[in-house]
Every structure is written in structure tokens, then in C-alpha cells.
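**Student:** quick one, structure for this:
(one chain, ligands or ions: 1)
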Amino acid sequence: MSILVFGNGWIGNKFIERYPEARMSIVFAKSPQDIEQVLETEDPDVVLNCAGITGQPNVDWCETHQVETAVGNTMFPIMLAQACAERGIHLTHLGSGCIFYGDSPQPGGWREDDYPNPVAYYSKTKAAADMVLGSMPNVAVVRLRLPLDSTPSPKNSITKLVSYPKVIDVSNSATVIEDLLDVFYQVMEKRATGIFHAVNPQPLLYRDLMKWYEEIVDPNHKNEWITEEQLVAQGLAAKKRSTNILANLRLPEIGIHMRPTEEAVKATLRAYAEKLKATK
Ligand SMILES: NC(=O)c1ccc[n+]([C@@H]2O[C@H](COP(=O)([O-])OP(=O)(O)OC[C@H]3O[C@@H](n4cnc5c(N)ncnc54)[C@H](OP(=O)(O)O)[C@@H]3O)[C@@H](O)[C@H]2O)c1
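**Tutor:** So this is what the prediction gives:
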């Protein structure tokens, strides 16, 4: 399977590290012509779209850079899906679980076909792309949420959460990156279509994550607990963050499974601790 990746950023490069046979497009595509040129030259069987505008240092940036965010997160994926459709290429697009806010309409979490209720501008642009791409015959939208990785990085939700002196006391769905990379590969292999929630099956309580971090990585780590409302009221974020539980229903239906959350997170923390030790 010849795989071409768009988006020379954090997750795109994680995928290439895991599957070195995949190729990275280094073109920053701005038009349908740019995309067609890349597809013509590379001639892939499948495309993985890890390109997107996530904001620097975080998604609050997107509130004040709405045009760039809309072009990168909504217009680019639609142009890419069109170009792939015209060439019979399967596209796997990275969506985000943060298009859902609060409690799901039914018990068990937000389902893949639930209607999104985004608040932040970043979330609106991601939701808009999903609405268009989610039923296209050549596209899989794989939504991830709270990515947890074994390598310390400002993009890694473990590194982010442990850097905050005040952490919101919530439970969220989470995606262990090692599992996610295999999900991408299997979705591409199966040429699966529609929307998928790539989250480890059980919700992650932030209190558990911090407890395991203290046990496995750093016994001296301490933080304060605050409510979601206090996060914005205390000026720690410009817009309310999406906190939600996603139901991972469609991946198991096509035979793709992610590890139980506690097992996957603890394994990730053990590898994280090793890597931290190696840098000291
Ligand atoms: N990381 C998360 O927490 C998270 C959670 C849920 C979903 N996602 C989604 O996962 C995807 C990847 O996220 P990430 O964390 O890897 O982001 P990232 O590190 O910011 O990487 C995204 C990359 O895409 C590039 N890009 C943007 N528009 C492009 C275009 N038109 N053509 C080619 N490249 C383009 C960016 O280039 P520049 O740097 O030059 O802009 C950047 O290198 C995004 O769609 C994001 O919405 C991420």
C-alpha cells in the first residue's frame, strides 16, 4: 500500500516514524492545483491527511486567526477529498473529538453520527469539514481526543497537563497515539469509510492520570484542582475547552480494537518515564 501523508507536523511525523514506508508531502498546498500536482507526482494508493491548523501555542490562537483556520481545517480537507475522489484514492482525514461539548444526548458518550455542538472557532472548522467529508464514498474521518504519547512534547497531552499548576477536575475520552497510528493503518488497509471515534474505550479521569503519573513518572509532581468554569473565569483559557466522552462504536464493528484505557495509558507513562530519564 503506497501511503502519502499531508501535514508535516506532530502526528504526521509520528505516523512516518511508525510506518517509515509512508511518504510525507512537504508541499504546503494552497489550491486544488497544488494538491493535484502532488498527487500526480506521488501517485499514492491512499492519503492520510494530518494537515491542519491547531494554533500556537494552542487553539485560542484560532479565535483571532479565523480565515487561516477555516482555510486549513475546512477548505483544504474538502479540496483534498475532491482531488482524491477524482483519482479513486482513499483518504483518511484526522478529525477531532472536540467538536462535542458537554454531556452526550444518550448515555455511553457521543456517537460517531451525533450532530456536533462546537463552541471554539477551531472546533467549528473541524466540525464543518466532518459534515462534508463524513459521508463521501472515498473518505474515512478518524476523530481523536486528548492525544497521549510516550515522548515528552508540548503537543503531548501528558506533557501539557503536568505542566499546569491548576488542572480541571474532569473525565475525558483520550487517545493513546501508539494505538491511533495502528488505527490509521488498518482503516487505510480496509479502505473503510464514514466517521470513526479513535479513543481508548474507557473515559480517562484526570485524577487517575495524575495519580499514575506520580506513581510511574514523578513522585514529586503536584497540582491544584479547579472546575471547568474556573478555567475561563481565572483567565487560564480564552474559550471553554471541550470536555466530553466519545463512544468508540464503529471501529470494533470493522474489527479494529484499541487497548483498554488504563493498560494503554500506564504503558505509555512507563515509556514516557524511560525517555525522560534518558534525557537527564
Ligand atoms: N494534537 C491534538 O491535540 C489533536 C487533537 C485532535 C485532532 N487533531 C487533528 O490532527 C491533525 C494534526 O494535528 P497535529 O497536532 O499534528 O498538528 P500540527 O503539529 O500543527 O501539524 C499540522 C501540520 O499541517 C500543516 N499544514 C496546515 N495546512 C496545510 C496545508 N494546506 N498543506 C500542507 N500542510 C499543511 C501545518 O503546517 P504549519 O505548521 O506551517 O501551519 C503543520 O505542519 C489536525 O487536523 C488536528 O486538528 C489534533
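
**Student:** if you count contacts, what does the helix or strand harbouring residue 229 end up packed against?
**Tutor:** Using DSSP states H and E, residue 229 maps to helix 228-233. The helices and strands touching helix 228-233, judged by 3 or more CB pairs under 8 Å, 6 or more residues apart in numbering; DSSP states H and E, are strand 166-168. From N, CA and C alone the C-beta is placed, and that goes for glycine too.

**Student:** quick one: average pLDDT of the strand it packs on?
**Tutor:** Strand 166-168 carries an average pLDDT of 92.

**Student:** quick one: residue 103 is in a strand?
**Tutor:** No: with DSSP: H, G, I helix; E, B strand; the rest coil as the criterion, residue 103 is located in coil rather than a strand.

**Student:** next, give phi and psi for it.
**Tutor:** Note on residue 103: backbone dihedrals following degrees, to the nearest 10 are phi -70, psi 140.

**Student:** what's the burial count for it?
**Tutor:** 12 (other CB atoms under 10 Å).

**Student:** quick one, what contacts it?
**Tutor:** residue 244 (CB atoms under 8 Å, 6 or more residues apart in numbering).

**Student:** mind checking pLDDT for it?
**Tutor:** Per-residue confidence (pLDDT) for residue 103: 91.

**Student:** contacts only, for the closest residue to residue 102 other than its chain neighbours.
**Tutor:** Nearest residue to residue 102 in three dimensions, chain neighbours excluded: residue 244, at 6.6 Å (CB to CB, 6 or more residues apart in numbering). Counting by CB under 8 Å, 6+ apart, residue 244 makes contact with 97-98, 100-104, 109-110, 145, 172-173.

**Student:** which parts of the helix holding residue 229 are buried?
**Tutor:** residue 231 (16 or more other CB atoms under 10 Å).

**Student:** I'd like to know how many residues surround the residue of the chain found nearest the ligand.
**Tutor:** For the chain, the nearest residue to the ligand under the criterion CB to the nearest ligand atom is residue 9, separated by 1.8 Å. When counting by other CB under 10 Å, one arrives at 14 neighbours for residue 9.

**Student:** can you tell me how far it sits from residue 195?
**Tutor:** Separation of residue 9 from residue 195 (CB to CB, to the nearest Å): 22 Å.

**Student:** circling back: quick one, phi psi at the residue of the chain closest to the ligand?
**Tutor:** Main-chain torsions, residue 9, degrees, to the nearest 10: phi -120, psi -150.

**Student:** so what's it scoring on pLDDT?
**Tutor:** At residue 9, the pLDDT value in this model is 96.

**Student:** my guess is it contacts residue 53. True?
**Tutor:** No: contact status for residue 9 versus residue 53: not in contact, 10.0 Å apart, counting by CB atoms under 8 Å.

**Student:** can you name the element that comes right after the worst-scoring helix or strand of the chain on mean pLDDT?
**Tutor:** When the helices and strands of the chain are scored by mean pLDDT, DSSP states H and E, helix 228-233 comes last with a mean of 77. As assigned by DSSP H and E, the chain's next helix or strand after helix 228-233 is helix 250-253.

**Student:** give me the next element, helix or strand, following that following helix.
**Tutor:** Note on helix 250-253: by DSSP H and E, the next helix or strand toward the C-terminus is helix 261-279.

**Student:** buried ones in that following helix, by neighbour count?
**Tutor:** 261, 264-265, 267-269, 272-273.

**Student:** and the protein, which residues reach the ligand?
**Tutor:** Residues of the chain lying near the ligand by CB under 6 Å from any ligand atom: 6-12, 28-29, 50-54, 72, 76, 94, 96, 126, 144, 147, 155.
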